[in-house]
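>>> Fold the following for me, if possible:
(chains A and B)
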Protein chains: 2
Amino acid sequence: MDTHPAKPAAPVNLTAALASFEEVYSPRIVARMNDYDVRIAHTEGEHVWHVHEDTDEFFLVLDGRFDIALRDGEGKESTVVLHKGDVFVVPRGTEHKPSSPGGSILMFEPSGTASTGDRYEGELPDHVDSTTGHELA
Amino acid sequence: MDTHPAKPAAPVNLTAALASFEEVYSPRIVARMNDYDVRIAHTEGEHVWHVHEDTDEFFLVLDGRFDIALRDGEGKESTVVLHKGDVFVVPRGTEHKPSSPGGSILMFEPSGTASTGDRYEGELPDHVDSTTGHELA
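Here you go, the predicted structure:
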């Protein structure tokens, strides 16, 4: 059995990584730790209402503004407005819909988590990618 | 059974959170997601050689510079030099020793992970806190 530790992946600079693609709401995986991904995305426009039944979702706003509309257990809606440097966790099972006038975010989530959740409402607009995260080019 | 989603925690701004304490190498928990913590710390000076046998450790440099000396399976040392916006993962089982001329970092790790690992070398200097993370004041 090989008990040697894994070789570390090279560092990734988030500014350079964000400059390497333009698509909004199309997360790129910048790091993996245990069975989690660290993903980044450009944000602009309306995402879709969706829910992750089995996992919380962590957001850090890297630039710009990022809003998250949330529905509580009674279906009542509220919106969390996030700016650069803000962190926020959407609890598992909470329906939410991101939107943004423009910006970028970092997310932590279990590998394999779909960007549009276990289910989403309505039609998927062209500018929203349903993905478990793309590799950096 | 209560199937209502958990109430979300309020957003935390990292700049404000970092300004709320001064101690170096004394991580504060800014968010929790699933069974993981998101922690931040000021960095300055030498940490200690230590290892997390059972978990990878994710770092994002928020400001300044943060270096991580690493030992490979043969005990050979190398150092990864990280600047603002760089992300890096120390693989589980890898002995490492952070150091910094000054800065701040964000970490992602399983709740309960000790800042000095499962074991560390030598005496713990006064400026290194052995903790599983403190609450923000």
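>>> So, low pLDDT: which residues of chain A?
By pLDDT under 70, the weakly predicted segments of chain A are A:1-5.
>>> for the helix or strand in which residue A:38 is found, packing partners?
Using DSSP states H and E, residue A:38 maps to strand A:36-46. Packing partners of strand A:36-46 (3 or more CB pairs under 8 Å, 6 or more residues apart in numbering or on different chains; DSSP states H and E): helix A:14-19, strand A:28-33, strand A:57-71, strand A:96-110. For glycine as for every other residue, the C-beta is placed from the backbone atoms N, C-alpha and C.
>>> Toward the C-terminus from it, list the very next helix or strand.
Per DSSP H and E, the helix or strand that comes after strand A:36-46 is strand A:50-51.
>>> Now do that next one: which elements does it pack against?
Using 3+ CB pairs under 8 Å, 6+ apart, strand A:50-51 sits against strand A:96-110, strand A:119-120.
>>> same thing but 7 Å
strand A:119-120 (3 or more CB pairs under 7 Å, 6 or more residues apart in numbering or on different chains; DSSP states H and E).
>>> Please give me every residue in contact with residue A:39.
A:27, A:28, A:29, A:30, A:107, A:133 (CB atoms under 7 Å, 6 or more residues apart in numbering or on different chains).
>>> Next, count neighbours for the last one.
One way to gauge burial is a neighbour count; for residue A:133, by other CB atoms under 10 Å in any protein chain shown, it gives 24.
>>> Give me the residue at the spatial middle of chain A.
Central residue check for chain A by CA atoms, centre = their mean: the C-alpha nearest the mean position is that of residue A:107, 4.4 Å away.
>>> Now that one: closest residue in space that isn't a chain neighbour?
residue A:39 (4.7 Å; CB to CB, 6 or more residues apart in numbering or on different chains).
>>> Next: residue A:18.
residue A:104 (5.4 Å).
>>> That neighbour reaches residue A:30, doesn't it?
No: contact criterion CB atoms under 7 Å: residue A:104 and residue A:30 do not qualify, at 11.6 Å.
>>> Find residues that contact each of these two.
Going by CB under 7 Å, 6+ apart, residues that sit against residue A:104 and also against residue A:30 are residue A:40.
>>> Show the contacting residues for the nearest residue to residue A:133 once chain neighbours are set aside.
Nearest non-adjacent residue to residue A:133, counting by CB to CB, 6+ apart: residue A:29, 4.4 Å away. Applying CB under 7 Å, 6+ apart to residue A:29 gives the contacts A:37, A:39, A:133, A:134, A:135.
>>> Closest to residue A:21 out of the residues you listed?
Residue A:21 lies nearest to residue A:134 out of the contacts of residue A:29, by CB to CB, at 8.2 Å.
>>> show me what contacts the nearest residue to that closest one once chain neighbours are set aside?
Distance criterion CB to CB, 6+ apart; nearest residue to residue A:134, sequence neighbours excluded, is residue A:28 at 5.3 Å. Residue A:28 makes contact with A:17, A:21, A:39, A:40, A:133, A:134, A:136, according to CB under 7 Å, 6+ apart.
>>> Also residue A:132?
Residue A:132 makes contacts with A:112, A:113, A:114, as judged by CB under 7 Å, 6+ apart.
>>> Okay, and the beta partners of residue A:103?
residue A:43, residue A:64 (DSSP bridges).
>>> Spell out which parts of chain A neighbour chain B.
Counting by CB under 7 Å from any CB of the partner chain, the residues of chain A close to chain B are A:4-6, A:8-9, A:11-15, A:30-34, A:38, A:55-56, A:58, A:70, A:73, A:80, A:82, A:85-94, A:108.
>>> how does it look with 6 Å?
A:4-6, A:8, A:11-15, A:30-31, A:33-34, A:56, A:58, A:73, A:82, A:85-89, A:91, A:93-94, A:108 (CB under 6 Å from any CB of the partner chain).
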